[in-house]
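# Below is the structure, and that's it, no one-letter string:
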């Protein structure tokens, strides 16, 4: 039996009413929000920095005299023994001084020769009675002064000649050439650095830490280290925390000693995580869950009636990936992960965060 027109109309009305009721129910249904349930846990308080491997001992090898570099025996990365030649310097400036001293010596010898001739002439005249004894004494004094000038000029020539010779720069200790900032033919000044040597054995890690965080570091603290870009982790330990603050960077130097691990080349970048301590009973949240984190930190929690409430919190000032909540939350609190997804006083349907496949 086919339905008549009246039955079709009734059926259509029933469907429309059902759809309307469903729409109203869905419209009035509270929105879903992702929440994290607070669980107290023990958190490792650590500080991550990037350091560099440096030899235990560093020596700047400088030229004692000005001159020209005429020969270089070693380059960056070379290993050298104590006393081994590093470079040869020709004291070009001192050579000019030697020439001037030689000229003064020749002049002094000429004056001395003239003084001797005058003395001999005066002595002969004195013996024949034609010159007074006083004249002979004066000639003798002039000759002695001229001979003293010759001795002084000769000594100056020897001294300047010693300075003007080619002199060899030698390694003051066994180690590795870290830096050689000079080239063949370059003219260097007295005291200018020619080489930087690092000890061949014993390497430390040096890192700069912001002074606000360096106050929490102490010698003896353990650390985890890895060559930058590598996955192998080796142990290290803090040996020194410098009390001096670098005025330019606002950081303090921290030194660490590797306890094991790969061979560290000087200058190699190393990722270091210093373990400051353990904090039991800690509350950790994603930083995105904290609103107004810098001015007035707060989070949105869902109460027992599924209503959104605002809660002020205190966030630890420590460079962690997640926010470490010091006060304001307790175990079991349901915290909205995205504060922008809800408003205070609204009723919501809390759900667990979605996991990525």
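Received it, and whenever you're ready, just let me know what you need. As the structure is a computational prediction, the values presented were derived from the model and not from experiment.
# Work out for me the element residue 49 sits within.
strand 41-55 (DSSP states H and E).
# tell me which strands and helices that strand is in contact with?
strand 175-179, strand 193-199, strand 203-210, strand 251-258, strand 269-285 (3 or more CB pairs under 8 Å, 6 or more residues apart in numbering; DSSP states H and E). Where you see a C-beta, it was placed from the backbone N, CA and C, and this is true even at glycine.
# tell me which helix or strand of this structure sits lowest on mean pLDDT?
Using mean pLDDT, DSSP states H and E, helix 5-28 stands out as the lowest-scoring helix or strand of the chain, at a mean of 64.
# strands paired with the next helix or strand after that helix, and their directions?
Proceeding N to C from helix 5-28, the next assigned helix or strand is strand 32-37, under DSSP H and E. As defined by DSSP bridges, the strand partners of strand 32-37 come to strand 334-336 (antiparallel), strand 349-351 (parallel).
# What lies in contact with strand 32-37?
Residues outside strand 32-37 that contact it (CB atoms under 8 Å, 6 or more residues apart in numbering): 285-286, 289, 302, 308, 332-338, 341-342, 348-354.
# can you rerun that using 10 Å?
In this structure, residues lying in contact with strand 32-37 by CB atoms under 10 Å, 6 or more residues apart in numbering are 284-286, 289, 299-302, 306, 308, 331-339, 341-342, 346, 348-354.
# distance between that strand and the chain's centre?
43 Å (CA atoms, centre = their mean, to the nearest Å).
# by how many degrees do it and strand 269-285 diverge?
Angle, strand 32-37 to strand 269-285, by axes from the mean of the first three to the mean of the last three CA atoms, to 10 degrees: 110 degrees.
# In the chain, where is pLDDT below threshold?
For the chain, residues meeting the criterion pLDDT under 70 lie at 1-8, 10, 13, 15, 17-28, 92-96, 161-166, 356-357.
# That one - how does it break down into domains?
Domain ranges of the chain: 30-43+281-351, 47-55+201-278, 58-89+168-198, 92-164, per automatic domain parsing.
# From one end of the third one to the other, what's the distance?
Okay, so that is domain 58-89+168-198. Taking CA to CA, to the nearest Å, the first and last residues of domain 58-89+168-198 lie 5 Å apart.
# residue contacts, residue 87?
Going by CB under 10 Å, 6+ apart, residue 87 touches 61, 63, 69-74, 167-170, 180, 182, 184, 188, 194-195.
# just to revisit the earlier point, can I get the strands paired with strand 32-37 in TSV including distance to residue 147 and mean neighbour count?
Below are these laid out as TSV (distance: least, CB to CB, whole Å; neighbours: other CB atoms under 10 Å):
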stretch	distance to residue 147	mean neighbour count
strand 334-336	102	21
strand 349-351	111	14
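# need those in TSV with distance to residue 157, can you?
Compiled in TSV, the strands paired with strand 32-37 are given as follows (distance: least, CB to CB, whole Å):
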stretch	distance to residue 157
strand 334-336	89
strand 349-351	97
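# about what we covered before: partners of the strand holding residue 49 in the sheet?
strand 203-210 (antiparallel), strand 269-285 (antiparallel).
# After the longest helix along the chain, which helix or strand is next?
Scanning the chain for the helix with the most residues, using DSSP state H, yields helix 92-127. Sequence order places helix 133-164 as the next helix or strand after helix 92-127, per DSSP H and E.
# how far does that next one sit from the chain's center?
The chain centre lies 59 Å from the centre of helix 133-164; the measure is CA atoms, centre = their mean.
# about what we covered before: ok and the next helix or strand after the strand holding residue 49 relative to strand 193-199, angle-wise?
Next along the chain after strand 41-55, taking DSSP H and E as the criterion, comes strand 58-62. Relative orientation of strand 58-62 versus strand 193-199 (the same axes, to 10 degrees): 160 degrees.
# contacts for strand 58-62?
Applying CB under 10 Å, 6+ apart, the contact partners of strand 58-62 are 80, 86-87, 169-173, 175, 177-180, 188-199, 266.
# Which neighbours in the sheet does that strand have, and how are they oriented?
Strand 58-62 has its sheet partners listed here by DSSP bridges as strand 193-199 (antiparallel).
# what inclination does the partner strand have with respect to strand 175-179?
Using the same axes, to 10 degrees: strand 193-199 against strand 175-179 is 140 degrees.
# Mind listing what's buried along strand 193-199?
Neighbour counts over strand 193-199 (16 or more other CB atoms under 10 Å) mark 194, 195, 196, 197, 198, 199 as buried.
# now swap in stretch 172-191 and tell me
Neighbour-count burial for stretch 172-191, counted by 16+ other CB under 10 Å, picks out 175, 176, 177, 178, 179, 180, 182, 188.
# tell me which of the residues you listed is nearest to residue 234?
Closest approach to residue 234 among the buried residues of stretch 172-191 (CB to CB): residue 176, at 21.0 Å.
# now the helices and strands packed on strand 41-55 as JSON lines including distance to residue 228?
Rendered in JSON lines, the data for the helices and strands packed on strand 41-55 read as follows (distance: least, CB to CB, whole Å):
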{"stretch": "strand 175-179", "distance to residue 228": "19"}
{"stretch": "strand 193-199", "distance to residue 228": "20"}
{"stretch": "strand 203-210", "distance to residue 228": "12"}
{"stretch": "strand 251-258", "distance to residue 228": "14"}
{"stretch": "strand 269-285", "distance to residue 228": "4"}
